[in-house]
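Chemist: give me the fold of what follows.
(one chain, ligands or ions: 1)
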Amino acid sequence: MRHLMSPLDFSVEELDKLLDLANDIEKNPEKYAHRCAGKKLATLFYEPSTRTRLSFEAAMLNLGGSVLGFSSADSSSAAKGESVADTIQIISCYADICAMRHPKEGAPLIASMKSRIPVINAGDGGHQHPTQTLTDLLTIRSLKGRLGNFTIGLCGDLKFGRTVHSLIQALIRYPDIQFVLISPEELRIPDSIRDDVLRRNHQQFREVVRLEEALPELDLLYMTRVQRERFFNEEDYVRMKDFYILDKEKLKLAGPDMMILHPLPRVNEISVEVDDDPRAAYFRQAQYGVYVRMALILTLLGLEGTVC
Ligand code: CP
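Modeler: Residues are numbered from 1 along each chain as shown. Got it, this is the predicted structure:
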């Protein structure tokens, strides 16, 4: 039995296979429509979510399986003080696989240690969001045609943004990627990523404050929102929240093929006028999230079969 806690839980070869499977699912959905008949996915969400929870549920339904779960800690027995270690032992009696989001870093890992079914980390605090990374990798590979040989700008809340932490860890395994880390001083990437991931792996990166300075050199721009729920006080959040706003005027500084990604939800950091720009790929990115989660469920349940 395998769990998914971090994108590094899969080797590059395994990731390639998973992304191939996701592409095959996109092209031939009918082939997979009954692969999970009789199987159940539990979604245990102790934090709000739209995309991750509902795309997991759509993924399992597309595979012919069923779903059960809760969408907030308040509507589960966590409100009465039940631990995730106890909860997962119960869920193991009811479901075949589980996706868990939790505000505490490491909570899905603790659950996985007590689980009799595969546990997928659907986001743990400011730590990791591996299935968003799978979505990002599939989007980049499908739309750019390659994973590697590009300059990517990661912009916004790099301190608390778990999607950025997971994505950097995944991308350093691919060749010739240059990272431009764009953030205000207060929201710089944590030392655990700068030193232990980027520097330790001799990765090329630089840190800048101004988005305008970075835009002309980017092949990809990964925007993120300021993570209000991780701030200790509202005043700091209000000061930071509109630090970056990508609009049509700023986009004139970017190349004609620069792809714009965002894990979503967006607040103000991408103006809605950008949505019609052909470089905006963030809504297509959300669609890729369904295909890659279908591929992940099949893989962890050992039902992936042969990709033709
Ligand atoms: N990208 C993402 O995790 O979105 P949700 O918080 O809506 O799940």
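Chemist: any idea how far whichever residue of the stretch 101-250 of the chain sits closest to the ligand lies from S66?
Modeler: Nearest residue of the stretch 101-250 of the chain to the ligand, counting by CB to the nearest ligand atom: Q132, 5.2 Å away. Just so you know, the C-beta spots here come from the backbone N, C-alpha and C atoms, and that holds for glycine as well. Note on Q132: its distance to S66, by CB to CB, to the nearest Å, is 24 Å.
Chemist: next, count neighbours for the residue of the stretch 101-250 of the chain closest to the ligand.
Modeler: Neighbours of Q132 under the rule other CB atoms under 10 Å: 24.
Chemist: in this structure it contacts G123, no?
Modeler: Yes. Look at Q132 against G123 with CB atoms under 8 Å: they come within range, at 7.4 Å.
Chemist: mind listing the shared neighbours of those two?
Modeler: T52, R162 (CB atoms under 8 Å, 6 or more residues apart in numbering).
Chemist: what about the helices in the stretch 201-308 of the chain?
Modeler: Applying DSSP state H, counting those that start in this stretch to the stretch 201-308 of the chain gives helices spanning 211-214, 234-240, 248-251, 282-300.
Chemist: how about those, which one is nearest L138?
Modeler: helix 282-300 (4.6 Å; CB to CB).
Chemist: what comes up buried for the closest one?
Modeler: For helix 282-300, the neighbour count (16 or more other CB atoms under 10 Å) marks 282, 285-286, 288-300 as buried.
Chemist: out of the residues you listed, which one sits closest to M113?
Modeler: Out of the buried residues of helix 282-300, the member with the shortest distance to M113 (by CB to CB) is L300, at 16.3 Å.
Chemist: where's the closest one relative to L18, distance?
Modeler: 10 Å.
Chemist: does stretch 165-173 reach the ligand?
Modeler: No. Using CB under 6 Å from any ligand atom, stretch 165-173 stays clear of the ligand, coming no nearer than 10.8 Å.
Chemist: let me see the mean pLDDT of that stretch.
Modeler: Mean pLDDT, stretch 165-173: 96.
Chemist: one more: stretch 141-154?
Modeler: pLDDT averaged over stretch 141-154 gives 97.
Chemist: for that stretch, measure first residue to last.
Modeler: Terminal residues of stretch 141-154 lie 17 Å apart, using CA to CA, to the nearest Å.
Chemist: cool, and stretch 42-62?
Modeler: Distance across stretch 42-62, first residue to last, is 15 Å (CA to CA).
Chemist: follow-up on the earlier one: residues contacting the residue of the stretch 101-250 of the chain closest to the ligand?
Modeler: Contacts of Q132 (CB under 8 Å, 6+ apart): T52, G123, R162, T163, S166, L167, P263, G289.
Chemist: that one belongs to a strand, doesn't it?
Modeler: No. Under the criterion used here (DSSP: H, G, I helix; E, B strand; the rest coil), Q132 is helix, not part of a strand.
Chemist: and it, what's its pLDDT?
Modeler: The model's pLDDT for Q132 equals 98.
Chemist: ok, I97 touching L300?
Modeler: Yes. With contact defined as CB under 8 Å, I97 reaches L300; the gap is 6.0 Å.
Chemist: need the residues touching each of these two.
Modeler: Counting by CB under 8 Å, 6+ apart, the residues touching both I97 and L300 are P118, I120.
Chemist: got the domain ranges for the protein?
Modeler: As recorded under automatic domain parsing, the domains making up the chain are 7-128+287-300, 130-285.
Chemist: tabulate the ones you listed (JSON lines), appending distance to M1.
Modeler: Output for these, formatted as JSON lines (distance: least, CB to CB, whole Å):
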{"stretch": "domain 7-128+287-300", "distance to M1": "6"}
{"stretch": "domain 130-285", "distance to M1": "17"}
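Chemist: contact residues of the stretch 151-300 of the chain facing the ligand?
Modeler: Contact residues (CB under 6 Å from any ligand atom) of the stretch 151-300 of the chain with the ligand: P263, L264, P265.
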